[in-house]
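**Q** Provide a 3D model corresponding to the input given below.
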Amino acid sequence: MKSLAIAVSFALAAAALLAETAPERLTDSAQVFSEVMRAPDKGIPQDLLAKAQCIVIVPGLKKAAFVVGGEFGRGFAECRAAGGTGWGAPAAVRMEGGSFGLQLGGSSTDLVMLVMSQRGMDKLLEDKFTLGADASATAGPVGRTADAATDLQLHAEILAWSRSRGLFAGVSVNGATLRNDLDQNAELYGRKMNNKEVILGHVEPPPAAHQLIAELDRYSVRKEGSSDRTVRH
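**A** Residues are numbered from 1 along each chain as shown. Okay, here's the model as predicted:
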């Protein structure tokens, strides 16, 4: 009986996740990012954010019975616009597998990842890739600056954080798969586009993305001369 109840709760959670519209999920992503960055001394170091080439936000990641031993979520990747300043149109992603929410003891988890290198971004532009295998990933440091970051964190291609039950911390995402979400892209742009087309195709951001882009602009200002990592067009 207990196992049946768990299965039903998984199914309901998955149905709710799939029912949310892409614009609603963009709003959720903006809210997650804003709340994380407003936390004094407990958010993502802004100097790391300034160096990041892309950011991936997956709000409301759920434990999923249909993903064996893992979780399922839908979210968005944002990459720097040409020239390294500002942000482009959001590209939709699906995340499957892994057990990062369990690490913080929650059934619903907000996930934020920074893509720190060109190689990491190249993987993000593929149809799918596995974190930790196709691109190095590690738990990110928490604080106002990255002074306490380890060598492993400073050299990783992807840094990840998770928020669950009010706790925000670096988290391991190794083993999870990130793939294009063509259905969400179609909902935003009127046709099915892969993420490479969205990110490199000079696509105009939809109105639903304006809040997220504004929040990213607010917290990720680069110092002059620090735009060496830019989207290649």
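
**Q** show me where the chain dips below the pLDDT cut-off.
**A** Low-confidence segments of the chain, defined by pLDDT under 70: 1-18, 63-70, 99-107, 148, 222-233.

**Q** and the strands in it?
**A** 54-64, 70-79, 91-96, 108-115, 128-130, 137-139, 158-164, 167-170, 177-180 (DSSP state E).

**Q** relative to I213, which of those is closest?
**A** Of all the strands of the chain, it is strand 70-79 that lies closest to I213, at 7.2 Å by CB to CB. In this view, the C-beta of every residue, glycine as well, is placed from N, C-alpha and C.

**Q** what is the spatially most central residue of the chain paired to in the beta sheet?
**A** Closest residue to the average C-alpha location of the chain: V56 at 2.1 Å, with CA atoms, centre = their mean. Taking DSSP bridges, one finds A77, M113 as the beta-bridge partners of V56.

**Q** circling back: to G43, which of the strands of the chain lies closest?
**A** Closest approach to G43 among the strands of the chain is made by strand 167-170 (7.0 Å; CB to CB).

**Q** ok, the closest residue to N174 other than its chain neighbours to P59 distance?
**A** Nearest non-adjacent residue to N174, counting by CB to CB, 6 or more residues apart in numbering: G132, 3.0 Å away. Going from G132 to P59 by CB to CB, to the nearest Å gives 22 Å.

**Q** neighbour count winner among these two?
**A** A direct count of neighbours by other CB atoms under 10 Å for G132 and P59 places P59 higher, at 26 against 17.
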